[in-house]
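J.: Okay, structure incoming, though there's no sequence with it:
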């Protein structure tokens, strides 16, 4: 059986990362096609020791393509993912468009792999938000022990989460500040250099941002409706990797030692927590790495059963591209695609 896969949005941050990870992990593909909008047609992207020439998404026939990994943005995904799915291609979509659709599974392989079979309802699988992914990977081993009741999370999200232009803006605006030049924000509501911005995506009617809403509804869909979540999402002046300070209230008793043991043995987690040595994870150490790093595990005395943890991960890898590739791997391994 020939396994042909397509990468949609191949010239973007996440698309390039997907192509790189497919090669790194020796994904069993006989043919890989790079797709993007018309303005990117003819560009070259590297896939292992091969060079892929980007083709026009609008003119591509998905018939015969087994799996398509989409990261072109919500508008393009909403248009082209159903076309691919109708042609018999299984779509793994990185945008937010399909995440809350009832007939589309929202998958983090370390957390809810058994839900993957629901892809047959629509031929579309949604990749969660980057901040949601790293949080639920860290929380699932603890939830299995003591059942999570409530989560309060504050995020520290890097500029790469807003795309390449946003990263360029951080670089350029930082230079301008040093040169005493005027800095006018373009990709952010306020200046990002030497600043933090408690505003990601649009504001909603209840005062929360859509990014905060995403973390709430996505976590419930992945881990269970009975978990209450309160999120504050903040953009910070870093390039790659998101950090999260998470306060967790449990239904049942859990000790710091139990949490450590569970996280040390959890798939996809790397425990880096030696406070006596000032050892903990930061975005610099976690950039270009696959695991979700957990640090600063400690008891929360403000509730009966509570813990505080610090979580850090590369938002372009585990927060997007790696998770999508892992889903594709599961489709091959467990569902025979």
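T.: That came through, no problem. Worth saying up front: this structure is predicted, and the values here are computed from it rather than measured.

J.: ok, now how distant is the residue nearest to residue 197 when sequence neighbours are not counted from residue 164?
T.: Excluding the flanking residues, the one nearest residue 197 by CB to CB, 6 or more residues apart in numbering is residue 235, at 4.4 Å. Where C-beta positions appear, they are placed from N, C-alpha and C, glycine not excepted. Distance, residue 235 to residue 164, by CB to CB, to the nearest Å: 15 Å.

J.: If you count surrounding residues, which of those two has more?
T.: residue 235 (27 against 14; other CB atoms under 10 Å).

J.: which residues sit in contact with the more buried one?
T.: Residues in contact with residue 235 (CB atoms under 8 Å, 6 or more residues apart in numbering) are 157, 159, 161, 162, 188, 192, 196, 197, 199, 200.

J.: Likewise for residue 148?
T.: For residue 148, the contact set (CB under 8 Å, 6+ apart) comprises 139, 142, 223, 227, 248, 249, 250, 251.

J.: Got a quick PyMOL command for the buried subset of those residues?
T.: Restricted to buried positions by 16 or more other CB atoms under 10 Å, the PyMOL selection for the contacts of residue 148 reads:
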select buried, resi 139+142+223+227+248+249+250
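
J.: Please flag which of the contacts of residue 148 sit within helices.
T.: Secondary structure defined by DSSP state H assigns 139, 142, 223 of the contacts of residue 148 to helices.

J.: And what about the residue in the chain sticking out farthest from the centre, helix, strand or coil?
T.: In the chain, the greatest distance from the average C-alpha position (CA atoms, centre = their mean) is reached by residue 180, at 35.8 Å. Look at residue 180: counting by DSSP: H, G, I helix; E, B strand; the rest coil, its state is coil.

J.: how about low-confidence regions in the protein?
T.: The chain contains residues with pLDDT under 70 at 1.

J.: Find the nearest non-adjacent residue to residue 334, please.
T.: For residue 334, the spatially nearest residue (CB to CB, 6+ apart) is residue 116, at 7.0 Å.

J.: Quick one: the strands in the stretch 101-250 of the chain, in order.
T.: Secondary structure of the stretch 101-250 of the chain (DSSP state E, counting those that start in this stretch): strands at 124-126, 148-157, 228-235, 242-250.

J.: Export the contacts of residue 148 as TSV, with columns for distance to residue 51.
T.: Conversion of the contacts of residue 148 to TSV gives the following (distance: CB to CB, whole Å):
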residue	distance to residue 51
139	41
142	44
223	41
227	46
248	46
249	51
250	51
251	53
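
J.: Which one of the contacts of residue 148 is nearest to residue 103?
T.: residue 223 (19.5 Å; CB to CB).

J.: Give the full set of residues in contact with the closest residue to that closest one other than its chain neighbours.
T.: Once flanking residues are discounted, residue 223 sits nearest to residue 136: 5.9 Å by CB to CB, 6+ apart. Residue 136 sits next to 108, 111, 128, 219, 222, 223 when contact means CB under 8 Å, 6+ apart.

J.: what's the distance between the residue nearest to the third one when sequence neighbours are not counted and residue 212?
T.: In other words, residue 128. Nearest residue to residue 128 in three dimensions, chain neighbours excluded: residue 218, at 4.9 Å (CB to CB, 6+ apart). Look at residue 218 and residue 212: by CB to CB, they are 11 Å apart.

J.: How about residue 141?
T.: 24 Å.

J.: Same question for residue 13.
T.: Applying CB to CB to residue 13 and residue 212 gives a distance of 22 Å.

J.: Just give me the neighbour total for the closest residue to residue 251 other than its chain neighbours.
T.: The spatially closest residue to residue 251, leaving aside those adjacent along the chain, is residue 147, at 4.1 Å (CB to CB, 6+ apart). Number of residues near residue 147 (other CB under 10 Å) recorded here: 15.

J.: now do residue 261
T.: For residue 261, using other CB under 10 Å, the count is 14.

J.: Then the one 10 residues further on?
T.: Counted with other CB under 10 Å, residues neighbouring residue 271 total 20.

J.: my guess is it meets residue 294, correct?
T.: Yes. Using CB atoms under 8 Å, residue 271 makes contact with residue 294 at a distance of 5.4 Å.

J.: what's the overlap in contacts for those two?
T.: residue 263.

J.: shouldn't residue 312 be in contact with residue 289?
T.: No. With contact defined as CB under 8 Å, residue 312 does not count as touching residue 289 (9.5 Å).

J.: So for these two, which residue has more residues nearby?
T.: residue 312 (28 against 17).

J.: For my notes, confirm that one occurs in a helix.
T.: No. Using three-state DSSP, the assignment for residue 312 is strand, not a helix.

J.: For it, give me its contacts.
T.: 134, 241-244, 281-283, 285-286, 292-293, 295.

J.: So what pairs up with it in the strands?
T.: Beta-bridge partners for residue 312, by DSSP bridges, are residue 243, residue 293.

J.: cool, residue 52 as well?
T.: Here residue 52, judged by DSSP bridges, has bridge partners residue 45.

J.: count of residues packed around it?
T.: There are 18 residues near residue 52, going by other CB under 10 Å.

J.: hang on, isn't it packed against residue 32?
T.: Yes. Counting by CB under 8 Å, residue 52 touches residue 32, with 6.4 Å between them.
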